[in-house]
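> This is the structure alone, sequence omitted:
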């Protein structure tokens, strides 16, 4: 079974600064997807970014980028120019590519605070 | 385009009762998944439906059940409620195609409190 570990329960960042959230995972599979989801206090889970394991290029979405290290099974999220609206719980998630299921395995989450 | 709609948003039940939660997926989405979110256990997969068939199930007791209708709407039911069932229940829908990452889109959740 796959596991996802987020070792930082809480983090804080100054507005306009950069922060990196860590995520490691364990799997014996070679093809899979990785995701970062954001859950603001309003509770709606929102996709931030996704990475396909067979793509070596790191995914980027505006101020959000990832550092995907497949051999190390590491998938960190970098948020640049942090904004107050970035304050939320961030969840790293894993999904197998095959198996005909969209089941996600989540980490425990990192609570990000943005300091004005 | 409407998002994933979950009803009710909040509900309070007592131990021993049963509860039914509803989820309407995004139009065109045929896959619906359910997750339980608690402070202690985090996000745990309950089950997934596609075209009215359960195609995957998490490690939950048989008191947790679900179904999907022909219009892709889904319901989940929890019988004989226990205090530990208090949680946020999240529904997510997805297109189901042979290509692409088929990203899950989540609803706002149903907050269940068991007294």
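That came through fine. Here the structure is a predicted model, which is why all the values come from computation and not from measurement.
> need the contact list for the residue nearest to residue B:94 when sequence neighbours are not counted.
The shortest distance from residue B:94 to any non-neighbouring residue, by CB to CB, 6 or more residues apart in numbering or on different chains, is to residue B:31 (4.4 Å). Heads up, the C-betas are built off the backbone N, CA and C, glycines and all. By CB atoms under 8 Å, 6 or more residues apart in numbering or on different chains, residue B:31 lies in contact with A:102, B:25, B:48-50, B:93-96, B:102.
> Residue B:31 pairs with what?
Per DSSP bridges, the residues bridged to residue B:31 are residue B:50, residue B:94.
> min pLDDT across the contacts of residue B:31, which one?
Lowest pLDDT of those: residue B:96, 69.
> all helices for chain A, in order.
With DSSP state H as the definition, chain A shows no helices.
> Give me the below-cutoff pLDDT ranges for chain B.
For chain B, the stretches with pLDDT under 70 are B:1, B:96-101.
> now the helices for it?
Assigned by DSSP H, the helices in chain B number zero.
> separation between residue A:105 and chain B?
Residue A:105 sits 7 Å away from chain B, going by CB to the nearest CB, to the nearest Å.
> Distance of that residue relative to residue A:31?
Distance of residue A:105 to residue A:31, given as CB to CB, to the nearest Å: 15 Å.
> Among those two, which residue is more densely surrounded?
Using other CB atoms under 10 Å in any protein chain shown as the criterion, residue A:105 and residue A:31 rank with residue A:105 on top: 20 against 11.
> The more buried one touches residue A:23, doesn't it?
No - assessed by CB atoms under 8 Å, residue A:105 is found out of contact with residue A:23, at 11.5 Å.
> Name the residues contacting each of those two.
Common neighbours of residue A:105 and residue A:23 (criterion: CB under 8 Å, 6+ apart): residue A:4.
> shaky segments in chain A?
Using pLDDT under 70, chain A drops low at A:99.
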